[in-house]
Every structure is written in C-alpha cells, then in structure tokens.
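Novice: What follows is a predicted protein model with its sequence.
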Amino acid sequence: MTAAENVCYTLINVPMDSEPPSEISLKNDLEKGDVKSKTEALKKVIIMILNGEKLPGLLMTIIRFVLPLQDHTIKKLLLVFWEIVPKTTPDGRLLHEMILVCDAYRKDLQHPNEFIRGSTLRFLCKLKEAELLEPLMPAIRACLEHRHSYVRRNAVLAIYTIYRNFEHLIPDAPELIHDFLVNEKDASCKRNAFMMLIHADQDRALDYLSTCIDQVQTFGDILQLVIVELIYKVCHANPSERARFIRCIYNLLQSSSPAVKYEAAGTLVTLSSAPTAIKAAAQCYIDLIIKESDNNVKLIVLDRLVELKEHPAHERVLQDLVMDILRVLSTPDLEVRKKTLQLALDLVSSRNVEELVIVLKKEVIKTNNVSEHEDTDKYRQLLVRTLHSCSVRFPDMAANVIPVLMEFLSDSNEAAAADVLEFVREAIQRFDNLRMLIVEKMLEVFHAIKSVKIYRGALWILGEYCSTKEDIQSVMTEVRRSLGEIPIVESEIKKEAGELKPEEEINVGPVQKLVTEMGTYATQSALSSSRPTKKEEERPPLRGFLLDGDFFVAASLATTLTKIALRYVALVQEKKKQNSFVAEAMLLMATVLHLGKSSLPKKPITDDDVDRISLCLKVLSECSPLMNDIFNKECRQSLSHMLSAKLEEEKLSQKKESEKRNVTVQPDDPISFMQLTAKNEMNCKEDQFQLSLLAAMGNTQRKEAADPLASKLNKVTQLTGFSDPVYAEAYVHVNQYDIVLDVLVVNQTSDTLQNCTLELATLGDLKLVEKPSPLTLAPHDFANIKANVKVASTENGIIFGNIVYDVSGAASDRNCVVLSDIHIDIMDYIQPATCTDAEFRQMWAEFEWENKVTVNTNIIDLNDYLQHILKSTNMKCLTPEKALSGYCGFMAANLYARSIFGEDALANVSIEKPIQQGPEAPVTGHIRIRAKSQGMALSLGDKINLSQKKNII
C-alpha cells in the first residue's frame with residue numbers, strides 16, 4: 001500500500017512555492033525554538049510526511065521537546081501528526097516510542113480542560129492500532145461521566161469506533177451506552193449514543209425507543225432525525241414492525257423542526273400506502289412549502305409532491321388537496337409558481353375544477369392590481385395558459401373563464417394578451433354555444449386593444465365568426481371608429497395644414513394640388529418633421545398603426561371586410577343595402593391603399609400587402625361563389641384541422657406519459673410477497689437514506705446505462721503510450737456542475753519515482769479546483785489520482801497537461817511525460833426541452849450569436865437526416881410530426897434544447913433533396929444555430945459538423 005493510499009482524515013492545504021526544509025533545521029527548531037517556531041516547524045513536518053517523506057529521526061525529538069508543551073495549538077497539531085506518522089516498524093510491530101505517546105494521551109484524557117479532552121477523544125476515533133488504545137480504555141470510559149457535554153459526546157463517538165474496529169477492547173459497549181443514554185439529558189450526547197446503538201445493537205436501540213416512544217415529540221430535532229432513520233431501517237428490514245412504529249412517525253409530522261417533518265413524511269410514504277398516510281404526508285409537505293422561506297427548499301419539496309402524484313394509487317388522494325397546493329401560489333418566485341400550477345393542472349378533475357378555476361380567476365385579477373414587475377407579466381401568462389388547459393379539458397368552465405380573460409386583450413403586456421387571444425380562438429371554434437358571448441365581449445374590448453399583433457388577431461376572429469346582421473354592422477362601426485375620418489390621406493393633410501396655419505381656410509381643392517405627378521406630397525417632409533406628438537396620441541388605434549407603417553394589419557382588415565361583406569350579401573336580400581355595405585368596405589380598403597402609396601406613413605406599404613388588398617377589392621367587385629367558399633368556409637376548416645392536429649398531439653404525449661407511469665409486468669415475472677420475503681432478500685430493496693447519500697455525493701449511476709461497468713469503460717481515455725515510463729489513463733465522470741478525473745498512474749520502470757505530480761491545465765470555461773498532491777511510486781507500482789474540474793457554461797472544453805517526476809538517486813533534472821488532451825463533450829450538458837412557437841420566435845429574435853452550418857452528408861433521406869441530427873445533438877424537434885409527414889423534396893424544422901446551466905439553444909434545419917441529381921443524391925441545405933453565448937453556438941455547430949460526416953448508411 002503506497003503512502004498516497006493511506007487514509008487521511010485531516011485535509012491540509014499544501015503551499016507548493018517554497019523549498020522543502022532540511023531535517024537538521026527542523027530538528028533545531030523543534031529542540032531550541034520558542035513556541036511559535038516550534039508550531040511552524042511542526043506544520044512543515046506534517047506537510048513533508050503527507051508528501052511521502054519518512055523523517056524517522058524527528059520522532060524522539062518531538063516526543064522529548066514538543067509533547068510536554070501545554071499550548072493548545074501545538075496539542076491540536078500533534079493530534080494531526082500522530083494521525084499520519086508511521087507507528088509501526090517495517091515488519092508491522094508497534095514502535096517502542098509509541099508507549100511514551102500513549103502515556104501522554106492518557107494524561108490528556110484526564111486533563112482539566114474540556115477542549116483538550118474532547119479533541120483527544122476525536123483523535124482516538126482515527127487510531128487503527130489496538131495496542132495503543134488498550135491502556136487508554138479506563139480513561140475513555142471515565143470521560144462518559146465528565147461534567148461537560150463536549151467531552152461526553154466525543155467519548156461516545158470514540159467508544160463506538162473502537163467497538164466497531166476492535167470489539168474485544170470494550171465488549172460491553174452497547175450495554176454501557178444504553179445505560180448512559182437512559183440517564184443523559186444533553187440532546188447531542190443522546191443523539192450520538194442512539195446513533196451508536198442503531199449501528200451496534202439495533203435491538204437495544206428499539207428497546208430504548210419503546211420506553212420513551214410517547215416523549216419523542218419533546219426530544220431535540222437531531223435526535224428525532226436519528227429516530228426517523230432507525231424506524232425506516234427497521235421497517236425496511238422487518239415489515240412486521242410497521243404497526244409498532246407508524247404512530248411515532250405520525251407524531252413526528254407535528255415536529256417543530258422542518259427537517260424532521262420532511263424526513264418523517266418521506267419515511268411515512270415508504271412505509272405505508274394507505275390513503276390516510278399519503279394524505280398526512282402530502283399535507284405535511286404543503287405546510288413545509290408554505291412556511292419555508294428558501295425557494296430551493298420549496299422546489300425540492302414540490303418535487304416530492306410530484307413524485308407522489310406519479311403513483312396512480314396516490315393521485316386520487318392528492319386530488320382532494322389541490323386547493324391546499326394552490327396556497328403555494330402566494331410565493332413570489334416564478335419557478336415555484338410554475339411548478340405548482342403544473343402540479344395542480346395534472347391533478348385537476350371534474351370534482352375540483354370549479355374551485356380551481358375560481359382561485360385562478362382571483363389570481364389573474366390580483367396580477368392586474370399589482371405594480372408592474374417583470375415576473376408579474378410572466379405569472380399572468382402562466383395563469384392564462386392554465387385556465388386555457390382547464391377550459392379545453394372541461395368545456396363547462398369556458399363560459400366562466402372567457403369574460404375575465406378577455407379583459408386582458410387590452411393589456412399592455414403583449415405576451416399575456418397573445419395567450420388570451422389563442423385561447424379565445426380555440427374556444428370560439430370548439431364551443432358553438434359560446435360564440436355569441438365571445439363576439440359580444442370582443443366588440444366591447446376591441447377599441448381598447450393597444451398591440452397591433454393582438455388587434456390583427458381580434459380582427460380575424462370578428463371577421464370569421466360574426467354571423468348575424470347586427471354583429472356585422474357592429475364590426476363595421478368599430479372598424480370605422482378605429483380608422484377615424486376617411487379618406488385618411490386628405491384628412492391627415494388637412495389636419496397638418498390646420499396645425500401649421502390655423503388662420504387659413506383649407507379646402508379639398510388646394511390639397512389636391514399638393515400631389516405631384518409621381519403621386520407624392522410635396523410638402524410632406526417638412527410637415528411630418530413637425531408633427532405634434534399630442535395629436536399622434538389622440539389618433540384612433542387602427543389609424544395610428546397604419547401611420548406608423550404597419551400595413552400587415554391592413555391586409556388583415558381587408559380580409560375581414562371581405563368576409564363580412566360576402567356574409568352580409570348572403571344575409572340581406574335588398575340590393576341597395578348590399579351594394580351600400582360592399583361599397584363602404586371597398587372604400588375603406590381603397591383609402592388604406594391610398595395611404596400606403598402616399599408618403600404620410602413612417603414606412604411605405606409592402607408589395608405583399610398591396611397584392612392582398614387589391615385581391616380583396618377584386619373579390620368584392622366580382623362576388624364569385626368560388627371566392628365566397630374560400631373566404632367563408634375553407635379558412636375555418638384550416639383552423640379546425642390545425643386545432644384537431646394539436647389536440648391529437650397533446651393526447652399522444654399524455655398517452656406516452658401515462659404509459660411511462662403504468663408499471664408493466666410481464667406474464668412470467670415472479671410475484672414478490674412482502675410477508676414471505678426472506679431477510680437477506682430484503683436488502684436488495686432500495687434504501688432511501690443510502691440513495692440520497694449517494695445522490696449528494698454524485699455517485700448515482702445513470703439509469704439508462706444497462707451495464708454500469710460497460711458504460712464506465714466507454715469513458716476511459718488513454719493519456720500516455722504503453723512504452724512511456726509512466727502509463728496513465730483517466731476515467732472522466734461528469735457530474736452536474738463538475739468533472740471528476742480519476743487518473744490511473746502506473747510506474748513501468750524499475751526505479752522509484754519520487755514527487756510524481758499530475759500537472760493539469762484547462763482550455764474553455766473549465767476551472768481546476770485543486771492541484772493534485774505529489775506521490776512516490778515504487779518500481780512497477782500504481783496509484784490513482786483524483787482531480788476536480790468545475791464547469792461554468794456549456795461549451796467544448798479541453799483538459800491537457802503532463803506528469804513530472806524525479807528518479808531516486810539520479811542526478812538529472814525532473815522527467816516529464818506529456819499527456820494526450822481530454823475533450824469534454826458538450827452533449828453531457830445538453831438536454832432536450834420544449835417551448836411554444838411564440839417563445840421560440842422571441843428567443844430567435846433576441847439571441848445574437850448565430851452559427852450557420854452547411855449540410856455535408858451522405859444520407860439520402862430527409863427524415864433520416866433529421867433523426868440523425870436529433871440523436872447526435874440531444875435536441876428536440878418542435879415541429880409536429882404531421883407537418884413533417886409526406887414527401888415534397890424539402891423540409892424545414894425547428895429544434896430546441898436547454899443546458900443544465902439554463903442556457904437555451906435553438907436550431908433551424910432547412911434541407912432539400914436535389915431531385916435533378918437522381919434518387920441517390922445526398923441531402924443538401926443549411927442548419928442555423930442560435931444561442932445567447934458564442935461558445936454554445938460554436939460547440940453545437942462543431943458537434944453537427946463532426947456527426948453529419950459519419951457514415952451511418
């Protein structure tokens with residue numbers, strides 16, 4: 001066993017910049033120096049021994065000149081020194097000098113100062129030599145009766161470790177500790193004693209618990225936590241004991257300590273699946289979320305509730321607690337609210353949907369009164385989406401929800417208003433009985449809409465679903481009101497001329513003279529520069545949008561006017577009224593077209609919008625039955641198809657989710673009866689305490705790896721060649737935010753290698769946490785060195801370095817072996833994720849880094865290429881399958897993923913199959929990647945470039 005493998009409990013930071021001192025100077029300082037220089041010399045000795053130096057000549061010096069000192073710092077350093085110094089001869093016998101040390105520690109165990117006694121007892125826990133401990137046993141026992149709790153609790157720990165390692169030294173330890181526990185009053189001492197009994201003699205621990213089971217609530221929280229652990233372990237190993245202790249767990253749910261309540265609730269769920277137990281545990285979790293101020297705690301406990309919901313039998317119990325879960329919405333943190341709403345939505349049923357909707361409506365109204373804050377808008381969006389989902393699943397609720405939500409169409413926050421509009425569009429198409437209500441409400445709020453995007457959508461809904469003569473007239477009135485005085489161009493010029501020359505009477509005649517041969521207004525540039533802002537504010541909404549140059553809304557207006565005019569013609573028989581209405585609609589379109597061609601708007605009208613308005617004018621002038629069908633029937637059919645495809649997709653994803661949750665049992669699987677299970681078989685069940693400890697240490701095996709050993713071997717990287725004097729290979733273990741390199745170093749020479757040091761450096765957003773300490777390698781010996789690397793963001797990183805060493809007895813300089821580079825794969829940090837189309841578009845517009853990758857592959861099928869990209873980049877395709885089905889020679893799809901650091905990655909795949917080159921021609925096109933950080937965009941591009949060139953055919 002090499003020096004590097006010796007167990008060391010005390011970690012000491014080693015400054016590597018100074019030269020190691022000589023043994024003679026150290027001896028001199030230890031013998032003749034004052035307390036300060038002796039302290040410094042002792043520190044240097046400890047560091048040298050940790051580095052593999054033996055220093056046997058200093059042992060007697062320290063015993064003679066340092067051990068008798070009463071200075072507390074020196075006493076503490078001596079404890080570290082005796083822990084790490086070799087205490088045996090090469091043949092395994094105890095050094096004679098250690099008898100003197102043993103006597104010194106016997107005196108320290110009887111020292112009047114409680115700190116010295118306590119720290120000496122802590123040190124004895126680390127000793128592995130029974131001969132040293134044997135003379136100290138009476139003194140250790142005596143410490144159990146010391147007046148100070150610090151000494152007593154460390155005495156219990158010392159007895160426990162000695163009993164575990166050398167039972168013959170104190171065979172009556174469980175009995176001794178049991179008696180100590182009965183009479184002890186201090187909480188920390190009781191906790192240590194009870195902990196020892198759990199591991200050393202579980203029956204005695206249970207006996208003690210049985211005697212005081214009614215007083216458990218009065219104990220300190222640290223003892224209560226240990227009691228919860230004991231009950232879990234006992235019931236886990238012996239299910240028949242459940243009835244005896246389950247009442248105790250119920251009582252601990254009322255503990256004053258949040259940690260005890262959390263552990264007790266988790267234990268109760270594993271011990272019993274009775275509805276009362278699940279309800280009590282869930283109620284306890286909800287109380288914890290509401291009372292705890294830390295958002296991380298809230299999220300962790302919410303995860304426990306989500307896990308409970310995953311169990312089909314527990315879901316019904318949780319459905320009764322939906323109203324309690326909604327109390328968590330009082331937390332201001334958006335992430336907590338998001339998770340709570342998702343959980344409530346998953347648990348909603350016909351029994352509680354009405355109450356849920358009432359609470360959510362109140363929350364929506366509350367957000368309207370709160371002062372504007374970034375998260376308020378997002379929270380309102382979340383509430384709108386939740387109400388949307390409730391109304392789709394429970395149509396009876398839609399009538400209650402719609403009037404409240406439609407108030408938000410006039411909201412200044414466009415995102416929340418867009419969600420409301422999407423919901424209204426789906427509701428008006430699905431629920432025929434609500435159409436009248438929605439149209440009426442829409443006409444009420446129409447004039448107050450502030451956002452052009454929402455205005456466009458509202459126009460479309462009114463144009464599509466106004467079916468009575470009165471509604472059609474109302475829409476026309478609202479449009480006229482929103483456009484203001486027409487013709488727009490003339491009225492605007494009048495207004496501007498009036499603003500500038502109030503004394504002059506301006507009529508239509510002179511205005512027409514302002515129009516040049518090219519159709520522009522000669523005085524416009526001078527006038528437009530001095531337009532008063534006050535007048536702009538007073539403009540009607542639609543007029544304002546058009547003068548700002550947003551003519552896409554004009555195209556939408558033209559379509560709406562065409563639809564209602566065609567419908568009006570079908571409803572009204574009188575020719576005069578028909579012609580009058582159609583003429584009014586055409587006049588509105590013509591005046592908008594005229595405005596677009598003028599130089600009044602800030603931006604001129606686009607050709608697309610001109611074509612659209614011209615087409616609508618032509619349709620109204622001809623009124624052909626074919627166009628009537630297209631405008632009034634096929635538009636609605638398209639929406640219906642889209643909504644049904646969306647619903648189908650949602651049902652499919654829900655079905656997949658429920659299939660995951662339902663545990664399928666094969667016909668020939670053995671049935672396990674808890675009562676008939678042998679004790680040794682019980683151990684194979686998962687121990688929750690052990691699992692949580694492993695998770696905290698980052699030692700959990702990934703579930704997808706069928707064979708953990710095989711997956712581990714895949715991650716081994718060879719760092720040097722087989723013919724190098726030092727062979728090295730590294731296993732790269734990626735935890736969430738750090739990478740652990742486990743490097744195996746093998747000395748392939750016949751020499752002893754001293755100060756063998758692994759020197760590492762990093763490239764990219766990686767940071768080496770600590771420098772690995774040097775070690776000594778015997779001929780043909782090997783050792784493992786661990787190095788930690790912190791990861792700060794998602795980009796490809798490289799770890800490089802070398803191994804340097806000295807050959808003992810050689811006069812040459814230090815030898816060096818250069819290591820191969822270790823490439824850290826970005827895929828370890830990227831996970832598929834989902835977002836809405838609107839969120840995707842918003843991020844696409846915001847992200848500043850774009851990487852365009854040209855498709856260069858030998859795959860000949862478009863769909864195969866897309867699947868290959870998804871597999872190699874870990875991204876999720878947002879474009880629905882229905883949109884990608886069929887074959888037309890080209891394909892466009894949006895991909896999305898999120899890193900564990902919360903960074904978003906977007907990609908747009910635009911590919912085609914060049915048909916002219918024959919059926920075997922490979923796919924061509926581009927992939928555009930967008931991300932917030934440059935590293936992410938470049939790394940993903942590199943990954944795609946590498947993977948698409950692989951021959952997968």
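Specialist: Arrived safely.
Novice: drop to CA atoms for contacts and neighbour counts, all remaining ones
Specialist: OK.
Novice: Just to be sure, Phe581 is in a strand?
Specialist: No. Looking at Phe581 with DSSP: H, G, I helix; E, B strand; the rest coil, it is helix, so not inside a strand.
Novice: That one - nearest residue in space that isn't next to it in sequence?
Specialist: Ala565 (6.7 Å; CA to CA, 6 or more residues apart in numbering).
Novice: Over to Gly463?
Specialist: Excluding the flanking residues, the one nearest Gly463 by CA to CA, 6+ apart is Thr560, at 4.4 Å.
Novice: For Lys309, which three-state class applies?
Specialist: Assignment for Lys309 (three-state DSSP): helix.
Novice: Wait, it touches Val322, no?
Specialist: No. Using CA atoms under 8 Å, Lys309 makes no contact with Val322, being 11.4 Å away.
Novice: quick one, which of the two is more surrounded?
Specialist: Val322 (23 against 20; other CA atoms under 10 Å).
Novice: what's the neighbour count on the closest residue in space to the more buried one that isn't next to it in sequence?
Specialist: Setting aside the residues directly before and after it, Val322 is nearest to Ala344 in space (CA to CA, 6+ apart), at 5.9 Å. Neighbours of Ala344 under the rule other CA under 10 Å: 22.
Novice: Relative to Glu315, how far out is Ala344?
Specialist: 11 Å (CA to CA, to the nearest Å).
Novice: Check which helix or strand Val817 maps to.
Specialist: With elements taken from DSSP states H and E, the one containing Val817 is strand 815-818.
Novice: partners of that strand, with directions?
Specialist: strand 797-807 (antiparallel) (DSSP bridges).
Novice: Return the set of buried residues in the strand it pairs with.
Specialist: Residues Gly797, Ile798, Ile799, Phe800, Gly801, Asn802, Ile803, Val804, Tyr805, Asp806, Val807 are the ones in strand 797-807 that count as buried (16 or more other CA atoms under 10 Å).
Novice: now, which of the residues you listed sits nearest Asp813?
Specialist: Asp806 (7.4 Å; CA to CA).
Novice: Leu895 in helix, strand or coil?
Specialist: Under three-state DSSP, Leu895 comes out as strand.
Novice: what about it, how many residues close to it?
Specialist: Residues near Leu895, counting by other CA under 10 Å: 25.
Novice: ok, now which ones touch the residue lying closest to it once chain neighbours are set aside?
Specialist: With sequence-adjacent residues excluded and distances taken as CA to CA, 6+ apart, Leu895 is closest to Cys877, at 4.5 Å. By CA atoms under 8 Å, 6 or more residues apart in numbering, the contact set of Cys877 is Leu870, Ala893, Asn894, Leu895, Tyr896.
Novice: Looking at those, which is nearest Phe180?
Specialist: The closest of the contacts of Cys877, once distances to Phe180 are taken by CA to CA, is Tyr896, at 61.8 Å.
Novice: quick one: that closest one and Lys87, what's the gap?
Specialist: From Tyr896 across to Lys87, the span is 61 Å (CA to CA).
Novice: okay, the two: which has more neighbours?
Specialist: Of the pair Tyr896 and Lys87, Tyr896 is the one with more neighbours under other CA under 10 Å, namely 24 against 19.
Novice: The more buried one against Thr879, yeah?
Specialist: No. Tyr896 lies out of contact with Thr879 (CA under 8 Å); the separation is 10.1 Å.
Novice: And His236, how far from Asp207?
Specialist: Note on His236: its distance to Asp207, by CA to CA, is 18 Å.
Novice: Without its sequence neighbours, what residue ends up closest to Gln224?
Specialist: Val260 (6.6 Å).
Novice: re earlier: pull up the overlap in contacts between Lys309 and Val322.
Specialist: Joint contacts of Lys309 and Val322 (CA under 8 Å, 6+ apart) are Leu347.
Novice: got any ranges where the stretch 801-950 of the chain has weak pLDDT?
Specialist: Along the stretch 801-950 of the chain, the model assigns pLDDT under 70 to residues 809-812, 949-950.
Novice: Tell me where it has strands.
Specialist: 815-818, 822-824, 830-832, 849-854, 876-877, 890-899, 904-912, 924-931 (DSSP state E, counting those that start in this stretch).
Novice: export the longest one as CSV, just CAs?
Specialist: Which is strand 890-899. Extracted in CSV, the C-alpha atoms of strand 890-899 (Å, rounded to 0.1, in the frame of the first residue of the first chain):
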residue,chain,number,x,y,z
PHE,A,890,-37.7,19.8,-49.0
MET,A,891,-38.1,20.0,-45.2
ALA,A,892,-37.9,22.8,-42.5
ALA,A,893,-37.9,22.0,-38.8
ASN,A,894,-37.2,23.9,-35.6
LEU,A,895,-35.1,22.2,-32.9
TYR,A,896,-34.7,23.3,-29.2
ALA,A,897,-32.6,22.2,-26.2
ARG,A,898,-31.6,23.6,-22.9
SER,A,899,-28.3,23.1,-21.0
